[in-house]
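Participant: Generate a structure from the sequence data that follows.
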Amino acid sequence: MPVLSVHNLTMTYIEQNLFTDVSFNVEPHDKIGFIGANGVGKTTIFRIINGDVNPVSGVVSISKDTTVGYMQQHACTHPDRGIYDEVLTVFDYLSKMQDEIDELSLKIENNTEDLDELISRQTSLIEEFERLGGLTYKSRARSALIGLGFSEKDFDKPAGTLSGGQLSKLSLCKLLLSRANLLLLDEPTNHLDIEAVSWLEGFLRDFKGEIILISHDRFFLDAVTNKTIELEHNKITTYSGNYTAFIKKKEHEQEAIRNKYLNDMREIKRVEGIIEQQKRWNREKNLVTARSKQHQVDKIKEDLVVPDSELQTLSFKLEPKRESGQDVLMCYDLCKSFDNKKIFSDLSMHIKKGERVFIIGPNGCGKSTLFKLLTSQHEPDSGAIRFGAKVDLSYFDQMQNDLDLSKTALDEVYDAYPQMNLTEVRTALGSFMFKGDDVFKQLSNMSGGERARVSLLKLMLKQGNLLLLDEPTNHLDTSSREALEKTLLNYGGTMLIISHDRYFINKLATRVLYMNNDGFSEYLGNYDDYLQRTQSAVIEVQKIADKVKEKPQLNDYQLQKQLKAEERKRRTQLQKCENLIAQLEEEIDELNSMMNDESVMSDYEKLSEITASLENKQAELDAQYEMWAELSTDAE
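Facilitator: A predicted model of the protein is given here:
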């Protein structure tokens, strides 16, 4: 039985039809990648499922055992509260349970009511408290905060002092720890560095409930999802498998759609030729035929499905206006601090002509600060930066500070490149998907993705031969990311790119620089090569450890001597094991007796302490029995 059923949803805003008759189910254990271009209505569907928006028509059915979790439900409402305490608010039900248990302990201690009833209620409540994770919820909260990139020194920081990105991470943390078993995740990897994204991948893979995930992070989708839903052309298509499986299946579908589209277009052209001929003859019979053929053409056009290759997509070409020398950029022992806080030190690199170098690393290690040094927005405390001969720098700022938000798209580009005429500017904007009146739209009213396209257009027109790109895919939808990848692969210059988009890194990188506060670690190749190298280092350490454990070849005398020594050692271990088993059994009996004591039963803290101790002793006893069985088997 589906945990969620969406049936025939239709949504219209003013005159724009977002989607029509959208239907899909979420089955138990589904982890769904929900994909589609920006603005097609994915977030609107989330808001309908969450009950924030009413559709024009259609029904959403949620099973009775399903609790929906959406990040907007977990906004921080107490700006003065520390972030750790803010996260703990999702466990208020456990705090209330703890208060009731403590209250019952007082009543039992004072013996003011029916003692048996009080003890029975307390025992039941303790069992429920432990079943719901009451003994571990604080450690889970700490683990989630650290996993998402907060440090323990941040735990007391008031939520009101956090940046927008940090608040988003805090809300995500609260959602993940909530009691929801159907998570609606809308771009959860925004504001996360690669380490935090990897932690989130692991969390979601182990999550026992269901997930619908809106994301343009293709690597993340591959790692987490087992089903893909695409919202395109106002309708839904469902595919089994992750993003890579979806792409392969869609390519086959698109081939069939493309062939039918070409046949339909040929038929339309043929029939329209007949219509034109019949109209020229201009007899009553011919006009009737023309009308009949027009109905035929209209029907074909009505059912016509346009393949993706024929739709408007981001399309542009990057060409340097001249070639640089072989040595493009050299940095020597760069150091930078702000307010006596070290950002990085001893940072050196050498970028050669034609390289596609990616910088990765945790948030806060200074990647964007490095770019500000390279673009002379800041000065290094020490060290040197040298650009090679004939290097023309083009910079893409993820914060889009190069844009004047009070201007229209047309004015922004025209003012930056006054040598171009208006027709040339409009043609350039058209290649970046700004058609008709879109060019007169004010930048302040545009989405992040639209503004990113304006910044990319200005970058293209500058024709630099060294590109500094700071998170260029952040606001782009999947098709725009793919178009950017294709363009950069054909670019003849040099690139230095900051990115958390591992799919993007895999497509383009020739070298990866892992950055921390003490400089760079260098890895040739793409992200997969970086992973292989870092994992291989761990494997090599393990191999060395295993080699140390290998036993040398022994002659018969040495072997007999060693066997006797091992037998003595085994007997000693067996005797110790039997003595410890006897001791543990006595301690377990004593703890069981203590639990039946009325004074202990009325003291929740003491009872919890004894229960925990009993569990530990039992686990230790089980381990000793296993060891005893193993040692006895060795003797045989």
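Participant: Identify all residues paired with residue 213 through a beta bridge.
Facilitator: residue 33, residue 185 (DSSP bridges).
Participant: distance of it from residue 29?
Facilitator: Distance, residue 213 to residue 29, using C-beta to C-beta, to the nearest Å: 14 Å. In short, each C-beta sits where N, CA and C put it, glycine included.
Participant: Could you look up the next helix or strand downstream of the strand or helix carrying residue 256?
Facilitator: Using DSSP states H and E, residue 256 sits in helix 243-281. Later in the chain than helix 243-281, the nearest helix or strand by DSSP H and E is helix 284-302.
Participant: Next, the angle helix 243-281 makes with that following helix.
Facilitator: Relative orientation of helix 284-302 versus helix 243-281 (axes from the mean of the first three to the mean of the last three C-alpha atoms, to 10 degrees): 170 degrees.
Participant: From here on, call the first residue 42.
Facilitator: Sure thing, new numbering starts at 42, so read that last one as helix 325-343.
Participant: Quick one: neighbours of residue 325, just the number.
Facilitator: By other C-beta atoms under 10 Å, the residues close to residue 325 number 7.
Participant: how far away is it from residue 531?
Facilitator: Distance, residue 325 to residue 531, by C-beta to C-beta: 58 Å.
Participant: And for the chain, the residue most distant from the center?
Facilitator: Ranking residues of the chain by C-alpha distance from their mean position (C-alpha atoms, centre = their mean) puts residue 324 at the top, at 66.1 Å.
Participant: and the gap between that residue and residue 331?
Facilitator: Going from residue 324 to residue 331 by C-beta to C-beta gives 10 Å.
Participant: so what's residue 371 up against?
Facilitator: 390, 391, 392, 426, 427, 428, 429 (C-beta atoms under 8 Å, 6 or more residues apart in numbering).
Participant: for it, helix, strand, or coil?
Facilitator: Recorded secondary structure, residue 371: strand (DSSP: H, G, I helix; E, B strand; the rest coil).
Participant: Which strand residues bridge it?
Facilitator: residue 391, residue 427.
Participant: any idea how far residue 416 is from it?
Facilitator: As judged by C-beta to C-beta, residue 371 and residue 416 stand 16 Å apart.
Participant: Report the mean confidence score over stretch 167-185.
Facilitator: Mean pLDDT, computed over stretch 167-185, is 90.
Participant: Which residues in it does the neighbour count mark as buried?
Facilitator: Judged by neighbour count using 16 or more other C-beta atoms under 10 Å, the buried positions of stretch 167-185 are 167, 170, 175, 178, 182, 183, 185.
Participant: Which other helices and strands does the helix or strand that contains the first one contact?
Facilitator: What it means is residue 167. Using DSSP H and E, residue 167 sits in helix 156-172. Here helix 156-172 touches helix 133-151, helix 645-676, going by 3 or more C-beta pairs under 8 Å, 6 or more residues apart in numbering; DSSP states H and E.
Participant: repeat that with 10 Å
Facilitator: Under the contact definition 3 or more C-beta pairs under 10 Å, 6 or more residues apart in numbering; DSSP states H and E, helix 156-172 sits against helix 133-151, helix 639-642, helix 645-676.
Participant: Least confident of those helices, on average?
Facilitator: Among those, helix 639-642 carries the lowest mean pLDDT (a mean of 66).
Participant: Would you mind listing the residues in contact with the residue lying closest to residue 494 once chain neighbours are set aside?
Facilitator: Using C-beta to C-beta, 6 or more residues apart in numbering and skipping the chain neighbours, the partner closest in space to residue 494 is residue 473 (4.6 Å). Taking C-beta atoms under 10 Å, 6 or more residues apart in numbering, we find residue 473 in contact with 355-357, 450, 454, 479, 491, 493-498, 501, 521, 524.
Participant: before we move on, the earlier item: measure how far the helix holding residue 167 is from the centre of its chain, please.
Facilitator: 41 Å (C-alpha atoms, centre = their mean, to the nearest Å).
Participant: Beyond it, next helix or strand please.
Facilitator: Scanning forward in sequence from helix 156-172 by DSSP H and E, the next helix or strand is helix 178-188.
Participant: Just the CA atoms of that following helix, as PDB, please.
Facilitator: What follows is helix 178-188, C-alpha atoms only, in PDB (Å, rounded to 0.1, in the frame of the first residue of the first chain):
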ATOM      1  CA  TYR A 178      18.800  11.500  21.500                       C
ATOM      2  CA  LYS A 179      21.300  14.100  22.800                       C
ATOM      3  CA  SER A 180      24.200  12.200  21.300                       C
ATOM      4  CA  ARG A 181      22.300  11.900  18.000                       C
ATOM      5  CA  ALA A 182      21.700  15.700  18.000                       C
ATOM      6  CA  ARG A 183      25.400  16.300  18.400                       C
ATOM      7  CA  SER A 184      26.400  13.800  15.700                       C
ATOM      8  CA  ALA A 185      24.000  15.400  13.200                       C
ATOM      9  CA  LEU A 186      25.200  18.900  13.900                       C
ATOM     10  CA  ILE A 187      28.800  17.900  13.500                       C
ATOM     11  CA  GLY A 188      28.000  15.800  10.400                       C
END
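Participant: Give me the angle between it and helix 156-172.
Facilitator: In terms of direction (the same axes, to 10 degrees), helix 178-188 departs from helix 156-172 by 20 degrees.
Participant: rewinding a little: same list, the buried residues of stretch 167-185, but as JSON lines with distance to residue 287 please.
Facilitator: Formatted as JSON lines, the buried residues of stretch 167-185 follow (distance: C-beta to C-beta, whole Å):
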{"residue": "167", "distance to residue 287": "47"}
{"residue": "170", "distance to residue 287": "43"}
{"residue": "175", "distance to residue 287": "41"}
{"residue": "178", "distance to residue 287": "37"}
{"residue": "182", "distance to residue 287": "35"}
{"residue": "183", "distance to residue 287": "36"}
{"residue": "185", "distance to residue 287": "29"}
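Participant: Show me the shaky parts of this protein.
Facilitator: Along the chain, segments meeting pLDDT under 70 span 56, 153-154, 349-354, 577-607, 609, 636-637, 639, 641-646, 648-649, 673-677.
Participant: Hmm, residue 81 is touching residue 519, no?
Facilitator: No - the pair residue 81 / residue 519 is not scored as a contact, 11.4 Å apart, by C-beta atoms under 10 Å.
Participant: neighbour count winner among the two?
Facilitator: For residue 81 and residue 519, the more surrounded residue by other C-beta under 10 Å is residue 519, and the numbers stand at 21 against 18.
Participant: ok, now which ones touch that one?
Facilitator: Counting by C-beta under 10 Å, 6+ apart, residue 519 has contacts 76-79, 256-259, 262, 271, 284, 288, 544.
Participant: Keep only those of these that are in strands.
Facilitator: Cross-referencing these against strands under DSSP state E gives 76, 271.
Participant: Pull the most distant pair out of the contacts of residue 519.
Facilitator: Pairwise distances across the contacts of residue 519 (C-beta to C-beta) peak at 18.7 Å, for the pair 79 and 288.
Participant: What are the phi and psi values at residue 107?
Facilitator: Dihedral angles of residue 107 (phi, psi; degrees, to the nearest 10) stand at phi -100, psi 130.
Participant: how close does the closest residue to it other than its chain neighbours sit to residue 279?
Facilitator: Leaving aside its chain neighbours, residue 107 sits nearest to residue 44 (4.7 Å; criterion: C-beta to C-beta, 6+ apart). Noted for residue 44: a distance of 15 Å to residue 279, by C-beta to C-beta.
Participant: and if you look at residue 355?
Facilitator: Counting by C-beta to C-beta, the gap from residue 355 to residue 279 is 26 Å.
Participant: Please say which of those two ends up with more neighbours.
Facilitator: The residue with more neighbours, out of residue 355 and residue 279, is residue 355; 21 against 13, by other C-beta under 10 Å.
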